[in-house]
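**Student:** Here's my sequence, what's the structure:
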Amino acid sequence: MAKIASLAEAVSELVRDGDTVALEGFTHLIPFAAGHEIIRQGRRGLTLVRMTPDLIYDQMIGAGCASRLVFSWGGNPGVGSLHRMRDALASGWPAPLEIEEHSHAGMANRYVAGASGLPFAVLRGYAGTDLPLHTDTISSVECPFTGERLAAVKALNPDVGVIHAQRADRAGNVQIWGIVGVQKEAVLASTRSLATVEEVVDELEPVPGAVVLPHWVVDVVAEVPRGAAPSYADGFYDRDNAAYRAWDRISRDRDEFGRWLTSLREDAA
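**Tutor:** Okay, the predicted model is just below:
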């Protein structure tokens, strides 16, 4: 049975300096509140993994949490660049940042391999790119049946997988619906896992197309209303487009970002 805890308790228990941490959610149900709590608790030296790093990873990188980023696309969706990430890559501020880049398909397959207990995954991909020349976790294999040369990607097994979902019951079964990315795979591939949810209920009502993560694959559940804001949670609230536009201005300037970071930390005081 998954443990029900506060967000602060969950992050304190699960996330340690130097961990590989995946915060997943594709445009929807992005675990912003969990990322902000990691910032508040001052974690350092993290390898951040995410298929589509957006504002939350820009914020964590700017706060000095990250030393490495494993990803397949990075940007402020619909707005532009991630300026805190660019600053870290260009000037090492506030800490140097290494990157490992993949395709979306490569990242998804790495999670699937990790969730399946396999050492690697096979896909048709990376042809015509130079990523295999620069990335140790991309290789190739020959199909034993056809002789075709295929891309191979190393399994991804984060220390901690973090997701946001709509509901959990009191046993810790987690229910997700709407646009679902690789949340299920990230949780199953990770050594430890945290699900923040909009609400904890006595019983999960069936929802068409919902994914349910059973309580035995989730370590801790934390009830965090609006835990995905400014992204959205289907059935609860919409995407805050103004916040994404405002982040472009905040993140461009170190002093402006510093004021935002101070405000974030003071919010928990």
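
**Student:** all contacts plus neighbour counts: C-alpha atoms, from now on.
**Tutor:** Will do.

**Student:** give the contact list for residue 137.
**Tutor:** Residues in contact with residue 137, defined by C-alpha atoms under 8 Å, 6 or more residues apart in numbering, are 153, 154.

**Student:** 10 Å instead?
**Tutor:** Residues near residue 137 by C-alpha atoms under 10 Å, 6 or more residues apart in numbering: 100, 101, 102, 106, 110, 120, 131, 152, 153, 154, 155, 156.

**Student:** By pLDDT, rank these and give me the bottom one.
**Tutor:** Of all the contacts of residue 137, residue 131 carries the smallest pLDDT score, 92.

**Student:** Buried subset of the contacts of residue 137, written for PyMOL?
**Tutor:** Command for PyMOL that selects the buried part of the contacts of residue 137, burial taken from 16 or more other C-alpha atoms under 10 Å:
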select buried, resi 101+102+106+110+120+131+152+153+154+155+156
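
**Student:** So which of the contacts of residue 137 is the closest to residue 243?
**Tutor:** Residue 243 has its nearest neighbour among the contacts of residue 137 in residue 101, at 26.8 Å by C-alpha to C-alpha.

**Student:** Could you double-check that that closest one lies in contact with residue 73?
**Tutor:** Yes - contact between residue 101 and residue 73 holds when scored by C-alpha atoms under 10 Å: they sit 7.9 Å apart.

**Student:** those strands in the stretch 101-250 of the chain, which residues are they?
**Tutor:** When secondary structure is read from DSSP state E, counting those that start in this stretch, the stretch 101-250 of the chain shows strands at 120-123, 138-142, 149-154, 160-169, 174-176, 192-201, 211-213, 220-223.

**Student:** Report the strands that pair with the fifth one, each with its relative direction.
**Tutor:** Each strand that strand 174-176 pairs with, and the sense of that pairing, follows from DSSP bridges: strand 160-169 (antiparallel), strand 211-213 (antiparallel).

**Student:** any idea of the mean pLDDT for the shortest one?
**Tutor:** Read that as strand 211-213. For strand 211-213, the mean per-residue pLDDT is 95.

**Student:** Tell me how far residue 145 lies from residue 152.
**Tutor:** Using C-alpha to C-alpha, to the nearest Å, residue 145 is found at 16 Å from residue 152.

**Student:** Next: residue 239.
**Tutor:** 36 Å.

**Student:** Likewise for residue 166?
**Tutor:** Taking C-alpha to C-alpha, one finds residue 166 at 34 Å from residue 152.

**Student:** can you check residue 231 too?
**Tutor:** 33 Å.

**Student:** What residues sit buried inside stretch 28-41?
**Tutor:** 28-40.

**Student:** With distance to residue 215, secondary structure and pLDDT as extra columns, can I get the residues you listed in TSV?
**Tutor:** Converted to TSV, these look like this (distance: C-alpha to C-alpha, whole Å; DSSP: H, G, I helix; E, B strand; the rest coil; pLDDT from 0 to 100):
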residue	distance to residue 215	secondary structure	pLDDT
28	22	strand	95
29	19	coil	98
30	21	coil	98
31	19	coil	98
32	22	helix	98
33	21	helix	98
34	19	helix	98
35	22	helix	98
36	25	helix	98
37	23	helix	98
38	23	helix	98
39	27	helix	98
40	27	helix	98
